[in-house]
Every structure is written in C-alpha cells, then in structure tokens.
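Novice: sequence unknown, structure follows:
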C-alpha cells in the first residue's frame, strides 16, 4: 500500500468519529463512540478509554452517522422499490468496505439487504446476506435474529434443503439457540410426516429442563403421539402436561384437546354413565378456558377442543338423568359449535366435523356425538 493511500485511509477513519449515545436503565446518559454491538454487550469508547456494558443495563442506544446510502435504501424500501433499495444497501456495504462508513453499521446493512432481497422474491440472496452477516459480524447483536429471519424465509418458500442447512449451522450455537434449532428440525420432520424422528427429537428437547423451548417441545411430542396413534403414551403425556405447575396456555390447549379426544373415544365405547365421558368433557373445557389461541398451531388445537367439547356435551346430555342437566349440556354443545364454526372454520377438526356435528347440535337426540 502506498503512503498516499495509507494517509487517505487514516484521514477517512478520522472523519468517521461519531457522537453515539447509550441511555441506561437508571436514566444515565453516556455520550460516546459505540465500537461494537455484540450479542450480549455494547462496547463503547469515551476518549481513549474503552468499556463495555451488558444490554440488561441499557434502556436504549443510538448510532450516529449511518451510511448515507442506508437511508436512501430505507426510503426506497418504504416506497416498495426493492431493486432501488437493494442497490442503495449494497452501496452502503461498499462504503463500509472502503472505510467510508463505520464498521458498526455492517450487521444492520446485511439485515436490510436480506429483507429487501426477500421482498423482491429472491430468497436465495436473502439467505446469503444473512449468512454473510454471521460470517463477517461474528458474535453480533443481530446474529440470533439472522437465524430466526432465515428460518422464516426458508419456510415461506418451502426450501427444505436451505432450512436443513440453516438449522445444522444453528445447532453449533450455544443454548438456547442450539435447542431452538433442534425444535425447528423436529417441526420440519413432523411436517414431512417423519413422525418417529420427530418424536425422538421432541422427546429429547422436552427432557432439557429449564430451557425456554421445553413447553413447545412437549406440545410437539403430544401432537406426534397423536399422529402415531399411541393412545396410552399420549394420555400419560397429556395428563402430565396438564398437571404441571404454571403450564402456558398453549400447552394447556394442546394437552387438553388431545386428552379429551382420547377419553371421548373411550367414552363412546363404554356403558351408559359418566365415567371417561365426564373426564373428556373436563379436559376439553380446560383447553377452551385457556383460549383464545395466539398462533396458527394453537388455533388447530383450540378448534379440536371446541369440536370435542361439543361432542362430549351431547354425549353427556344423552346419559344425564335430569331434563335440566340435559338442556344445559345441549346449550353448551351449541355454544361450542357456534364458536368453532364461526371463528375456527378453517381448522382441520372443524372442517372434518362439518355438517355432521351441525346436524347433531340441531337434533341432539340423534347419533352418539
């Protein structure tokens, strides 16, 4: 490198000093130059002194002097000009490479390139940008987000190869990211009807106590046992989930619906009387009481609970001895079916029940529910 080029780079670097700021949870404001936004902490410089602070102590932070073309890209993307946004973002990245913009902005530029590429329909370029973010920016603030964004992109275009490659890379990360990768892999195997492999993965994850993904793994295991028609194991797993302290609503919906369905089948084969039918009714009621669901998967379980609750109510009404009890249970069945057919009509359980359950609710003296 010639002395003239070296001098120009030094001058450019000197011109990139910024007036960044960090505001702490206690209200303290730090005027500084942010050197690095890492995964767990911010590294910053005050004069010649370099320090770091964990995000748990930070209320907000502001980066000064973003690359000019970064703002141009944001404006283009807001105007739905994806190609213009991509050109501007790539120009911003070139400015960072040339030392004309600060390195601390690199991870955000890569993320914006990925978003613009995905918006333009180029999932491959989006995934490449996110991989470059991890390779070039290391243990940075957006590293974890890059995996989540990549999973969403790969799933949206149904690219199983890209998803598997991403999850394999993600499994090399520390917990809880490694476990989250295994969870996504288990879901992918479930969706591909590879139920035995999914069951093994969900079971391993469910046994890792203390991790944030355990309840989702338990839900996945229950759904997989249902798909495999392993009723005994399903009942045991669902009862354990419902008996657990502080079980989240989504888990209660999944476990309650699955347990109720298993007990309802047993009730239909049993002699007249309450027995498993009342237990099924209570399981469905517990699942419904945890609603409304917060996800598409949860909507499926909630729809199952509503359908099952209607069927159990009708079956109990036929086995009830008092007319007042029969009438109350029929009204409950009608209410469950009304909610199911109105708000959850697109879920598999409601579509499968269809006209049959509509007829049973309208004429509760016919059929077995």
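Specialist: Done, it's in. Predicted model, so just to flag it, every value in this text is computed and none were measured. Residues are numbered from 1 along each chain as shown.

Novice: the helix or strand hosting residue 166 packs against which elements?
Specialist: Assessed by DSSP states H and E, residue 166 sits inside helix 160-170. With contacts defined as 3 or more Cβ pairs under 8 Å, 6 or more residues apart in numbering; DSSP states H and E, helix 160-170 has these neighbours: helix 123-137, helix 143-156, helix 177-191. Just so you know, the C-beta spots here come from the backbone N, C-alpha and C atoms, and that holds for glycine as well.

Novice: and residue 225, which of those helices is closest to it?
Specialist: Comparison of the helices and strands packed on helix 160-170 against residue 225 by Cβ to Cβ identifies helix 177-191 as nearest, at 11.2 Å.

Novice: tell me what angle that closest one forms with helix 160-170.
Specialist: 160 degrees (axes from the mean of the first three to the mean of the last three Cα atoms, to 10 degrees).

Novice: give me the contact list for the very next helix or strand once past helix 177-191.
Specialist: As assigned by DSSP H and E, the chain's next helix or strand after helix 177-191 is helix 195-206. For helix 195-206, contacts defined as Cβ atoms under 8 Å, 6 or more residues apart in numbering pick out 179, 182-183, 185-187, 189-190, 211, 213-214, 217-218, 220-221, 224-225, 227-228.

Novice: mind listing what's buried along helix 195-206?
Specialist: Residues of helix 195-206 classed as buried under the neighbour-count rule (16 or more other Cβ atoms under 10 Å) are 195, 198-199, 201-203, 205-206.

Novice: next one: stretch 234-244
Specialist: 234-235, 237-238, 241-242.

Novice: which one of those sits closest to residue 24?
Specialist: residue 241 (40.6 Å).

Novice: OK, contacts around the closest one?
Specialist: Taking Cβ under 8 Å, 6+ apart, one finds 218, 222, 247, 251-252, 254-255 in contact with residue 241.

Novice: to what extent is residue 192 buried, counted in neighbours?
Specialist: 11 (other Cβ atoms under 10 Å).

Novice: what does residue 320 give?
Specialist: Residue 320: 16 surrounding residues under other Cβ under 10 Å.

Novice: for the remainder of this discussion, apply numbering that starts at 58.
Specialist: All set: I'll call the first residue 58, so the last point we hit is now residue 377.

Novice: hmm, it is touching residue 386, no?
Specialist: Yes. Residue 377 lies in contact with residue 386 (Cβ atoms under 8 Å); the separation is 6.3 Å.

Novice: you'd agree residue 109 is in a strand?
Specialist: Yes. Counting by DSSP: H, G, I helix; E, B strand; the rest coil, residue 109 falls inside a strand.

Novice: quick one: the helices in the stretch 58-207 of the chain, in order.
Specialist: Assigned helices in the stretch 58-207 of the chain, in chain order: 60-71, 125-135, 139-154, 163-176, 180-194, 200-213 (criterion: DSSP state H, counting those that start in this stretch).

Novice: and the longest helix for the protein?
Specialist: Ordering each helix of the chain by length in residues (DSSP state H) puts helix 353-376 first.

Novice: give me the distance from it to the chain's centre.
Specialist: 26 Å (Cα atoms, centre = their mean, to the nearest Å).

Novice: just after that helix, pick out the following helix or strand.
Specialist: Following helix 353-376 in sequence, per DSSP H and E, is helix 380-400.

Novice: residue ranges of each domain in this structure, please.
Specialist: 75-119, 321-426 (automatic domain parsing).

Novice: would you single out the least confident of the ones you listed?
Specialist: Of all these, domain 321-426 carries the lowest average pLDDT, namely a mean of 85.

Novice: pLDDT below threshold where in the stretch 108-257 of the chain?
Specialist: For the stretch 108-257 of the chain, no stretch has pLDDT under 70.

Novice: let me know the closest of the buried residues of stretch 291-301 to residue 201.
Specialist: Comparing the buried residues of stretch 291-301 against residue 201 with Cβ to Cβ places residue 298 closest, at 27.7 Å.

Novice: and that closest one, how close does it get to residue 368?
Specialist: 22 Å (Cβ to Cβ, to the nearest Å).

Novice: mind listing what's buried in the longest strand seen in the chain?
Specialist: As assigned by DSSP state E, the longest strand anywhere in the chain is strand 86-94. Within strand 86-94, the residues scored as buried using 16+ other Cβ under 10 Å are 87, 89-94.

Novice: got JSON lines for those, with distance to residue 227 too?
Specialist: Formatted as JSON lines, the buried residues of strand 86-94 follow (distance: Cβ to Cβ, whole Å):
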{"residue": "87", "distance to residue 227": "33"}
{"residue": "89", "distance to residue 227": "33"}
{"residue": "90", "distance to residue 227": "32"}
{"residue": "91", "distance to residue 227": "27"}
{"residue": "92", "distance to residue 227": "27"}
{"residue": "93", "distance to residue 227": "22"}
{"residue": "94", "distance to residue 227": "20"}
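
Novice: quick check: residue 134 touching residue 142?
Specialist: Yes. Shown here, residue 134 and residue 142 form a contact pair, counting by Cβ under 8 Å, at 3.9 Å.
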